[in-house]
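*Asks:* for reference, the sequence and a predicted model appear below.
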Amino acid sequence: MQDGADIHQRIARISAHLNPPANRLQVEGSSSLWRADCRAKGGSPGFKVAILGAAGGIGQPLAMLMKMNPLVSVLHLYDVANTPGVTADISHMDTGAVVRGFLGQNQLEDALTGMDLVIIPAGVPRKPGMTRDDLFNINAGIVRTLCEGIAKCCPKAIVNLISNPVNSTVPIAAEVFKKAGTYDPRRLLGVTMLDVVRANTFVAEVLGLDPREVDVPVVGGHAGVTILPLLSQVKPACSFTQEETEYLTSRIQNGGTEVVEQMFKKEFQQMSQAYAAVKFADACLRGLRGDAGVVECAFVSSQVTELPFFASRVRLGRHGVEEIYPLGPLNEYERVGLEKAKKELAGSIEKGVSFVRK
Ligand SMILES: NC(=O)c1ccc[n+]([C@@H]2O[C@H](COP(=O)([O-])OP(=O)(O)OC[C@H]3O[C@@H](n4cnc5c(N)ncnc54)[C@H](O)[C@@H]3O)[C@@H](O)[C@H]2O)c1
Ligand SMILES: O=C(O)C[C@H](O)C(=O)O
């Protein structure tokens, strides 16, 4: 039996682990809790993934789902607020990935060093009545800073950019990487997966099918009319009335607004985006692993149209985007939609490029 003094010492030690001083996880990479975390055995072999903006409405459920992904061996959670709590919580899940938290700009480089995949949902979200472009002034600077860190610390990482307006933040990231001399267009992908997820769901509802059986290519960009579902190319092959086409196109294009308008006055976690982001990140990781036939839609550097960036179906591989598929045959409704999409996209891309070049 242990004497009273021993027991008190053990309790004190355990209590120090469970209740580290508030700044310990934040600023001391050498705290005992931190070291214990670093020593944990991950589900290796696997990939190292960082989430920037990990304590946010998307970041938290995204972190949880990435912690559950067997392809991930190390998960770095970075944010400018609240990462210690999120990290402590997620790290208790008994899955393979080892979780480490990083708080604030002076820990950005540690968060990024050695990463294979960096997912960026950092930045402000829309409020009702706003467009995604209204977020530009704040999010452009955030994305620029984070991408400067990537260029310095993990220039070969695949980057999944979620922060809005995606139509401008992807060109911003490209310009930052060009400036740093690290730009590889195959490794920079704007995440438009949520548009595909919504399209599959809404089309399945109309067709009376299971959404998992439905595949809708969504091309263009990620805002309003730039979101262009190609309903003539839905799998399984099917046809829609003009009324159905207009309803589905409008619902898919306004899916984000539908959610934002319902959630006003409340901070919320956008589960569908976390789901879509993980679905997309998982596809990128399977590509990195060398799996064959991994094809998803993404907003990438592209020659599919005359625009420098465009979302379309891409094949993912060991280097990121390995092949970009052409749009395929469009019907008249889609050709009109494509012209509208390109007009708006051109302005959004230019805005992003000149933000960095100015
Ligand atoms: N691409 C898409 O399909 C899609 C879907 C949904 C949301 N979004 C966008 O994702 C972004 C995040 O949305 P949310 O709902 O999670 O917002 P949120 O406000 O809940 O979370 C954003 C997080 O980013 C963090 N952050 C702010 N500045 C940062 C910085 N400089 N470095 C690191 N982290 C920083 C905040 O602290 C916060 O935790 C928004 O721009 C939103 O519009 C994109
Ligand atoms: O609509 C938004 O502002 C968030 C996101 O881009 C979405 O499509 O849900």
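*Replies:* Alright, I've got the coordinates. Numbering: from 1, shown residues only. Ligands and ions are numbered 1, 2, ... in the order given.

*Asks:* just give me the neighbour total for F47.
*Replies:* The number of residues packed near F47 is 22, by other C-beta atoms under 10 Å. No exception for glycine: its C-beta is placed from N, CA and C like everyone else's.

*Asks:* oh, that last question was meant for R318, not what I typed.
*Replies:* When counting by other C-beta under 10 Å, one arrives at 11 neighbours for R318.

*Asks:* isn't it up against G287?
*Replies:* Yes - in terms of C-beta atoms under 8 Å, R318 counts as a neighbour of G287; the distance is 6.8 Å.

*Asks:* show me the contacts for P329.
*Replies:* 232-233 (C-beta atoms under 8 Å, 6 or more residues apart in numbering).

*Asks:* and with 10 Å instead?
*Replies:* The contact partners of P329, taken as C-beta atoms under 10 Å, 6 or more residues apart in numbering, are 230, 232-233, 335.

*Asks:* gap between it and Q233?
*Replies:* 8 Å (C-beta to C-beta, to the nearest Å).

*Asks:* got it, and G293?
*Replies:* Distance of G293 to Q233, given as C-beta to C-beta: 18 Å.

*Asks:* more neighbours: these two, which one.
*Replies:* Taking neighbours as other C-beta under 10 Å, G293 and Q233 compare with Q233 leading, 18 against 9.

*Asks:* so for the more buried one, what's the pLDDT?
*Replies:* With respect to pLDDT, Q233 has a value of 98.

*Asks:* so F299 sits in a helix?
*Replies:* No - read with DSSP: H, G, I helix; E, B strand; the rest coil, F299 is strand and lies in no helix.

*Asks:* which of the contacts of P329 count as buried?
*Replies:* Those of the contacts of P329 that meet the buried threshold are 230, 232-233, by 16 or more other C-beta atoms under 10 Å.

*Asks:* tell me the one of these nearest ligand 2?
*Replies:* Nearest to ligand 2 among those, counting by C-beta to the nearest ligand atom, is L230 at 18.1 Å.

*Asks:* just the CA trace of the helix or strand where C284 lies, in PDB.
*Replies:* Element membership for C284 (DSSP states H and E) is helix 271-289. Once non-C-alpha atoms are left out, helix 271-289 reads as follows in PDB (Å, rounded to 0.1, in the frame of the first residue of the first chain):
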ATOM      1  CA  MET A 271     -21.700  19.800 -40.800                       C
ATOM      2  CA  SER A 272     -22.300  19.300 -44.500                       C
ATOM      3  CA  GLN A 273     -19.200  21.300 -45.400                       C
ATOM      4  CA  ALA A 274     -17.100  19.300 -42.900                       C
ATOM      5  CA  TYR A 275     -18.500  16.100 -44.500                       C
ATOM      6  CA  ALA A 276     -17.800  17.400 -48.000                       C
ATOM      7  CA  ALA A 277     -14.300  18.600 -47.000                       C
ATOM      8  CA  VAL A 278     -13.400  15.200 -45.500                       C
ATOM      9  CA  LYS A 279     -14.800  13.400 -48.600                       C
ATOM     10  CA  PHE A 280     -12.500  15.600 -50.700                       C
ATOM     11  CA  ALA A 281      -9.500  15.400 -48.400                       C
ATOM     12  CA  ASP A 282      -9.900  11.600 -48.400                       C
ATOM     13  CA  ALA A 283      -9.900  11.500 -52.200                       C
ATOM     14  CA  CYS A 284      -6.700  13.600 -52.200                       C
ATOM     15  CA  LEU A 285      -5.100  11.200 -49.700                       C
ATOM     16  CA  ARG A 286      -6.100   8.200 -51.700                       C
ATOM     17  CA  GLY A 287      -4.600   9.900 -54.800                       C
ATOM     18  CA  LEU A 288      -1.400  10.500 -52.800                       C
ATOM     19  CA  ARG A 289      -1.300   6.900 -51.800                       C
END
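
*Asks:* list the buried residues of it.
*Replies:* 272-288.

*Asks:* can you tell me the average pLDDT over that helix?
*Replies:* In this model, helix 271-289 has an average pLDDT of 97.

*Asks:* and if you look at stretch 332-347?
*Replies:* 98.

*Asks:* run through who's touching it.
*Replies:* 133, 167-168, 219-233, 240, 242, 245-246, 249, 253, 299, 305-311, 327-331.
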